[in-house]
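> just to be clear, the model below is a prediction. Sequence and coordinates:
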Amino acid sequence: MKFKKILAISLSIIFIFSMAACSDEYDEDEEYDYETEETYDKKDDYDLFGDEDYYYESDVIPEGDVDSINGVSMSVDNSTGALTVSRLNVEKSRRSDDGIWTIFIYLCGTDLETDSGMAVDDMDEMASATHSDNVRFIVETGGTDEWSDTNISDEKIQRFIIQNGEISMVKETASDNMGKAETLADFLEWGTKEYNSEHMGLILWNHGGGSITGVCFDEKYDQDSLTLMEIDAALMKCSANSMGRKFDFIGFDACLMGTIETANVLATYADYMFCSQEMEPGSGWDYTSIGNYLAKNPDADTVSLGKEVCDSFYKACESVDDEDLATFAVIDLSKIDSILIGFNNFAKDMYEKGEDQEIIAEMVRGIESADNFGGNNKTEGYTNMVDMGGIIEACSKYADGAREAKKALEDAVVYKISGSTHPEAEGLSIYYPLEIQGSNELSLFSKMSVSPYYLSFIDRLNKTAATGYEFEEYEDDQWFEDSEDWNWWDAAQDDDYWDYLDDYEETGESPYITFSEEPVIGSDGSFGFTLDEEGMSNAAGIYALIYELSEDEQEILEIGETVDILGDWDTGQFSDNFDGYWLSLPDGQNLATYIVEETEDYVVYTSPVMYNGEETNLRIKQYYSDAHVEVEGIWNGISEYGAASREIIKLSNGDTVAPIYYAYSLEEDDDESMYQGEEYTVAGKLEISYDIMPAGDYYYAFCIDDIYGDYYITDVADFIIDEDGNISFFEY
């Protein structure tokens, strides 16, 4: 059947961002020397800062560069699997006792400022705080094509002090890329010398993309961002050359940066981390509340300040009806090493138990059901940020050490808030490839992974998917060698290792999904199938896809996915539970809907749409109790550079919305395309209907994800909805 063939070969994810676009432009054979501003050969031995007094607590000084995480050294004893963590000793200077709080803000405005003036709004919030000689904000501005305040130049890097209601420029330099380690390091070296005080905090302000793409995407320099490795290099230089002590806190007024990989970098340089696992609304932190709190509580400690940041952030989210999605946490970075050690012990058993096909299938199913952040679907893009506590919980039945790892995580999270969408969010995420993004992403992850066993767990699945090797043939020599221990610095430097992913494409015909009973219409009129033992051991998740013909009957349109399925993972039997109800615009056009998040009370969908002529996504929330629907707004998702959009835009009178569908030609063997419906003009509040689909012919197929990253789309069944709303299936 041609229709089946088109579906099988074409249903691939097209919103995969290019990691290469996020990388900094260093020659791969050269590295940057901060002291001389010249390059040197990688083969030469090199002390990064030429400072003999700058040392690890273990007196080990590794070779380093801006492409390697330098502030921490981790190694695993091959005989025991025990993890050893050593960090640079940055506490070399006595802290003053002047009682002053100095907060440095690296304000990379990008489109948040160009389009909406949000960066200037936050500077105004700082100036609106209660006057106090003991509170000051030191701000560096850049990364923006156009500032809403004409006193801020879009042609230069500028620095401001904001104190006692006044905003004063104190320095300016030539325009430079705020996605470079050198730019951040220069700001921090200067700032911590000029404004050294008893308490110092650092905030990185902009879009965030999580552990892989980092933060501070500079729109003037091709959306280049600060990776975790670059943040580490900048903080190392500041600590070595000017500061000589830890920051009281480092925070992110940016999306998705609340990750264990981020915390591992920052633990060398700060006492606490303030961060969100999920995307932040455009308004972000409430700087007036922060300034007021410090002015009224001059003796406040960092934890108390962190609680104020959390609570005021949540109130700001409530003010714009974005509190359901909100997450925020205060992380005690002195506890991070305990998390690393506990998680490595757990990951070792997770990896070893994962040699059993049935067990690893159960673990992957659990991981893919764990809370995740930033969309992670075909229309919005993938961040691959998954709740760390959720992963531990998902594998706890099969791997030893879960209780200890979970306890260490809970001990490190000293305060957190979360809305109804993420009620169980634990405060820190970890990278897990819900969608394989290619060799560059996995290469970057390997350089910041917190455990070689966890890395091996992921690599074994990916390599099986991409190469067709038998699962049991996987070798972990890349991370472990008999003759020596695993060392974080050296284990993942061979980028060529990941070349096996370069030609990988999902097929839609995974050979690992097998049946004892093929999909068929049963005597009771239901559409279903039964997986055999091998299929059960390889299946990660099951959902259904609904299709209809385009008006010209030349294309099949994907109406979206549904989890209205009856299933039993013990017997492998699954069948449809579809009632024909769907979400549609007021003019009757079906929306293509994809599940973002399910909670006990509601489900959040995303729908690709044209909004005022621009391609984006409409987020919709449907409650289970009475099926009523609320429109959350427009969210642009994850950019091609890996940056998460911060703002959920509320729809207004006169806005136009047109549904978009993935389309598959019935005439040609083409890759999928996009099909646009009719424009609908919003009048008043946009009301989304949930009702029986219009009478007509439709198609239903099961999609079965395998544990290796591919999937299998079954033959379709035709179903008809008659004028009375009755639904009946028959084989196509």
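Perfect, I can see it now.

> so where do the strands sit in the stretch 1-150 of the chain?
Counting by DSSP state E, counting those that start in this stretch, the stretch 1-150 of the chain has strands at residues 30-33, 38-41, 72-76, 83-87, 101-108, 135-142.

> same thing with the stretch 251-400 of the chain?
Going by DSSP E, counting those that start in this stretch, the stretch 251-400 of the chain shows strands at 270-275, 327-332, 372-373, 385-387.

> so can I have TSV of these showing mean pLDDT and distance to E182?
C-beta: built from backbone N, CA, C; applies to glycine. What follows is the strands of the stretch 251-400 of the chain, written out as TSV (pLDDT from 0 to 100; distance: least, Cβ to Cβ, whole Å):
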stretch	mean pLDDT	distance to E182
strand 270-275	98	20
strand 327-332	98	27
strand 372-373	96	30
strand 385-387	98	27
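
> would you turn these into a markdown table with distance to A643 and mean neighbour count?
Rendered in a markdown table, the data for the strands of the stretch 251-400 of the chain read as follows (distance: least, Cβ to Cβ, whole Å; neighbours: other Cβ atoms under 10 Å):
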| stretch | distance to A643 | mean neighbour count |
| --- | --- | --- |
| strand 270-275 | 16 | 26 |
| strand 327-332 | 18 | 26 |
| strand 372-373 | 14 | 26 |
| strand 385-387 | 13 | 28 |
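
> need those strands in JSON lines with distance to A663, can you?
JSON lines is the format used below for the strands of the stretch 251-400 of the chain (distance: least, Cβ to Cβ, whole Å):
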{"stretch": "strand 270-275", "distance to A663": "40"}
{"stretch": "strand 327-332", "distance to A663": "36"}
{"stretch": "strand 372-373", "distance to A663": "28"}
{"stretch": "strand 385-387", "distance to A663": "30"}
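
> which of the strands of the stretch 1-150 of the chain sits most buried?
Ranked by average neighbour count under the criterion mean count of other Cβ atoms under 10 Å, these are headed by strand 101-108 at a mean of 27.

> picking that back up, which stretch among the strands of the stretch 1-150 of the chain comes nearest D232?
strand 72-76 (8.2 Å; Cβ to Cβ).

> so what's the gap between that closest one and the chain middle?
25 Å (Cα atoms, centre = their mean, to the nearest Å).

> same question for stretch 289-307.
Here the centre of stretch 289-307 is set off from its chain's centre by 29 Å, with Cα atoms, centre = their mean.

> now stretch 517-537
Its chain's C-alpha centre and that of stretch 517-537 lie 35 Å apart, by Cα atoms, centre = their mean.

> same question for stretch 462-472.
Between the mean C-alpha position of stretch 462-472 and that of its chain there is a distance of 26 Å (Cα atoms, centre = their mean).

> ok so, going back, tell me which of the strands of the stretch 251-400 of the chain sits nearest to N617.
Distances from N617 to each of the strands of the stretch 251-400 of the chain were compared using Cβ to Cβ; the minimum, 15.7 Å, belongs to strand 372-373.

> which residues make contact with the closest one from outside it?
Identification of contacts with strand 372-373 by Cβ atoms under 8 Å, 6 or more residues apart in numbering yields 210, 256, 277-279, 327, 383-387, 390, 422, 429, 434.

> mind giving me the PyMOL command for buried ones among those residues?
If you want just the buried ones from the contacts of strand 372-373 in PyMOL, going by 16 or more other Cβ atoms under 10 Å, the selection is:
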select buried, resi 210+256+277+278+279+327+383+384+385+386+387+390+422+429+434
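
> identify the residues contacting I704.
By Cβ under 8 Å, 6+ apart, the contact list for I704 reads 510, 513, 531, 535, 539, 541-542, 711-714.

> so L325 makes contact with P423?
No: in this structure, L325 is not within contact of P423 by Cβ atoms under 8 Å, at 11.6 Å.

> show me where the stretch 51-200 of the chain dips below the pLDDT cut-off.
Scanning the stretch 51-200 of the chain with the threshold set as pLDDT under 70 gives 51-69.
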